[in-house]
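**Student:** show me how the following folds:
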Amino acid sequence: MKDFIRKLIQNKFTDYLVAVLIIISVTLTVLEVQSPPGSYDRYIYGYIGFIITLVFVVELSLRWYISSSTKDFFKEYWIDVIAVIPTIRVLRIIRALRMLRIIRLGIIISRRSRKKAYLFGEGVRENLKIIFIIFNIFILGAIGMFLVENHNSSFDSFDKTIWWSLFTLMAGEPVGGEAQTLVGKFISAFVMLGGFTFFAVFTGIVSAIMVNHLKGSKEAKEMELRELKNHFVICGWNRSGKIIVKELQAEVATSCAPIVIITEMEEPPVFDKNKVNLGMIHFVRDDYTSRDVLKKVQIDKARAAILLADKSKPRSDQDRDARTILAALIIEKLSPGIFTSAELLQRENQVHLSMADVEDVVVGDEYMGNLIAHSSRTWGLVKVMDELLTSTRGNQFYKTKAPGEIIGLKLKDALGIIKEQYDGIIFSIETEDIPPGGEPKENIQMVSSRRIITNPPNDYVIKEDDAIIIIAEKMPTVS
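**Tutor:** Next up is the predicted model:
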């Protein structure tokens, strides 16, 4: 249940919906404040605003439910919790707390745009947060002064308080009128101090942005990493990385899964924004062979680890393979049940990964050479492989547990059932059995304690704990 809610909450459309509701809520608050007391318009604005507040209460409750701890939840969303405090009619000023949602809007926009910014790309999240905080102080000051000082001729209309709040924020002193009530004086002090503080912070952040831009640092935040679960971790980077990310997001089953990229590259990889969901990608510029770094990215909660032959720095092929092996050993130690796929440059190093229980090992140059050689003998083979290894079109490989209706049947009888019910072709079978004589045949590959039989014989009997690898257009749904 938590995984479903987490997938729903982390979806980009949920962020878009929340952003729209925040804009509507802020607009309604401004309209409500300007409406005459007791009027029908004020009642309608307040009622709709209350319904939207209930939606935010539900959303925050779900975020608390999936959070790793209550402390982490309040550390991230304490402003949002304050913003949903129910309105107390006696204290009209509390209605202005809804304006705090503007800060949340800034966080959402910055998170969704942090991979797209040009000049301020290195600190766009912090930059936009400060801008929205300043805007929030400006609006809160205007609404607050109108609510508590409307008997004062300097603040008897919302237009006057808007200009007063803007000039006071900019000048650092009351401009256009002075408050007469105690609450009004506190609001004036709040706006003036807010102007001094946040403009100073804003200046510092802009400076930090420019420094970070020169460094090329664009790392994921600690809070983002702490919330990760059921994600992919890519260690190292080369030209295959972009294809891997695109394919992971193209497949329905993994399209919403977060992806963490750990590499020592000075500049983060650049993706095509039309093909990749940038909001689900987290970049960590660090050494992926470090135990602390792997723990920081929640490797024990990840669904899979992908180790690439890292080309972020000039190293020999042997050094690159050595780093891959070291990272694999640490990953399997921290998360013994994780699925790990590793790329090697030299086949002789595979024995070390086998000792680390790495499930899949890819030797890229070797596979490319084999494919070209086979295609020269079997024309059209490349087109077949292009389809099978691409999620965006046609058929591809899927692995699933053996359906109940074929358990106990011979393969020749199961083929027709799989084709009829799932429109698929059984390509291989993964089983726990040890082959006769203890030595695998040519069409049998060992995967940890299991073996994969490619093109199994007709008289093979499918067992309950077997998994089938099929070629089909979509993932079969097996109950």
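**Student:** just checking, K275 touches E247?
**Tutor:** No: using Cβ atoms under 8 Å, K275 is not in contact with E247; the gap is 10.4 Å. All C-beta spots, glycine's among them, are computed from the backbone N, C-alpha and C.
**Student:** comparing those two, which residue is more hemmed in?
**Tutor:** E247 (15 against 12; other Cβ atoms under 10 Å).
**Student:** skipping its backbone neighbours, what lies nearest the more buried one in space?
**Tutor:** S391 (5.2 Å; Cβ to Cβ, 6 or more residues apart in numbering).
**Student:** what's the separation between T70 and W78?
**Tutor:** Per Cβ to Cβ, to the nearest Å, T70 is found 11 Å from W78.
**Student:** ah, wrong one, I meant A322
**Tutor:** 46 Å.
**Student:** got the CA positions of stretch 45-65 in CSV?
**Tutor:** Output of stretch 45-65 as CSV, limited to C-alpha atoms (Å, rounded to 0.1, in the frame of the first residue of the first chain):
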residue,chain,number,x,y,z
TYR,A,45,-14.6,32.3,-1.4
GLY,A,46,-14.1,31.0,2.1
TYR,A,47,-16.1,27.8,1.5
ILE,A,48,-14.1,26.9,-1.6
GLY,A,49,-10.9,27.8,0.2
PHE,A,50,-11.9,25.5,3.1
ILE,A,51,-12.5,22.6,0.7
ILE,A,52,-9.1,23.1,-0.9
THR,A,53,-7.6,23.2,2.6
LEU,A,54,-9.1,19.7,3.3
VAL,A,55,-7.5,18.4,0.1
PHE,A,56,-4.1,19.7,1.4
VAL,A,57,-4.8,18.0,4.8
VAL,A,58,-5.3,14.7,3.0
GLU,A,59,-2.2,15.2,0.8
LEU,A,60,0.0,16.0,3.8
SER,A,61,-1.5,13.0,5.7
LEU,A,62,-0.4,10.7,2.9
ARG,A,63,3.0,12.3,2.8
TRP,A,64,3.4,11.7,6.6
TYR,A,65,2.2,8.1,6.2
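**Student:** can you list the buried residues in it?
**Tutor:** When burial is assessed from 16 or more other Cβ atoms under 10 Å, stretch 45-65 yields the following buried residues: 45-46, 49, 52-53, 56, 59-60, 62-63.
**Student:** go on, stretch 235-251?
**Tutor:** Neighbour counts over stretch 235-251 (16+ other Cβ under 10 Å) mark 235-238, 240-242, 244-246, 248-249 as buried.
**Student:** closest one to L140 out of these, please.
**Tutor:** L140 lies nearest to Q249 out of the buried residues of stretch 235-251, by Cβ to Cβ, at 39.3 Å.
**Student:** confirm that closest one sits in a helix?
**Tutor:** Yes: assessed with DSSP: H, G, I helix; E, B strand; the rest coil, Q249 lies in a helix.
**Student:** what's it in contact with, if anything?
**Tutor:** 255, 259, 276-277, 280 (Cβ atoms under 8 Å, 6 or more residues apart in numbering).
**Student:** in strands, which of these fall?
**Tutor:** When DSSP state E defines the strands, the subset of these inside them is I259.
**Student:** so E59 versus L140, what's the distance?
**Tutor:** In terms of Cβ to Cβ, E59 sits 22 Å off from L140.
**Student:** ok so, going back, I'd like the buried residues of stretch 45-65 written out as TSV, with pLDDT, secondary structure and distance to M170 added.
**Tutor:** What follows is the buried residues of stretch 45-65, written out as TSV (pLDDT from 0 to 100; DSSP: H, G, I helix; E, B strand; the rest coil; distance: Cβ to Cβ, whole Å):
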residue	pLDDT	secondary structure	distance to M170
Y45	79	helix	29
G46	78	helix	31
G49	79	helix	29
I52	82	helix	31
T53	81	helix	31
F56	82	helix	31
E59	83	helix	35
L60	82	helix	34
L62	84	helix	40
R63	82	helix	36
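**Student:** tell me the confidence at F73?
**Tutor:** What the model reports for F73 is a pLDDT of 78.
**Student:** helix, strand, or coil at D15?
**Tutor:** D15 ends up helix, using three-state DSSP.
**Student:** separation between it and L8?
**Tutor:** For D15, the distance to L8 (Cβ to Cβ) stands at 11 Å.
**Student:** number of residues surrounding E178?
**Tutor:** The tally of other residues near E178 (other Cβ under 10 Å) stands at 15.
**Student:** pretty sure it sits against I187.
**Tutor:** No: contact between E178 and I187 fails when scored by Cβ under 8 Å: they sit 11.4 Å apart.
**Student:** closest to M1 out of the buried residues of stretch 45-65?
**Tutor:** Using Cβ to Cβ, L62 comes nearest to M1 of those, at 10.7 Å.
**Student:** identify the residues contacting the residue nearest the centre of the chain.
**Tutor:** Taking Cα atoms, centre = their mean, the centroid of the chain lies closest to M280, which sits 3.0 Å from it. In this structure, M280 makes contact with 10, 12, 249, 256-259, judged by Cβ under 8 Å, 6+ apart.
**Student:** likewise for G394?
**Tutor:** With contact taken as Cβ under 8 Å, 6+ apart, G394 is in contact with 387-388, 473.
**Student:** okay, the buried residues of stretch 45-65 in JSON lines with distance to I453 next?
**Tutor:** Formatted as JSON lines, the buried residues of stretch 45-65 follow (distance: Cβ to Cβ, whole Å):
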{"residue": "Y45", "distance to I453": "68"}
{"residue": "G46", "distance to I453": "68"}
{"residue": "G49", "distance to I453": "63"}
{"residue": "I52", "distance to I453": "58"}
{"residue": "T53", "distance to I453": "59"}
{"residue": "F56", "distance to I453": "54"}
{"residue": "E59", "distance to I453": "49"}
{"residue": "L60", "distance to I453": "51"}
{"residue": "L62", "distance to I453": "44"}
{"residue": "R63", "distance to I453": "46"}
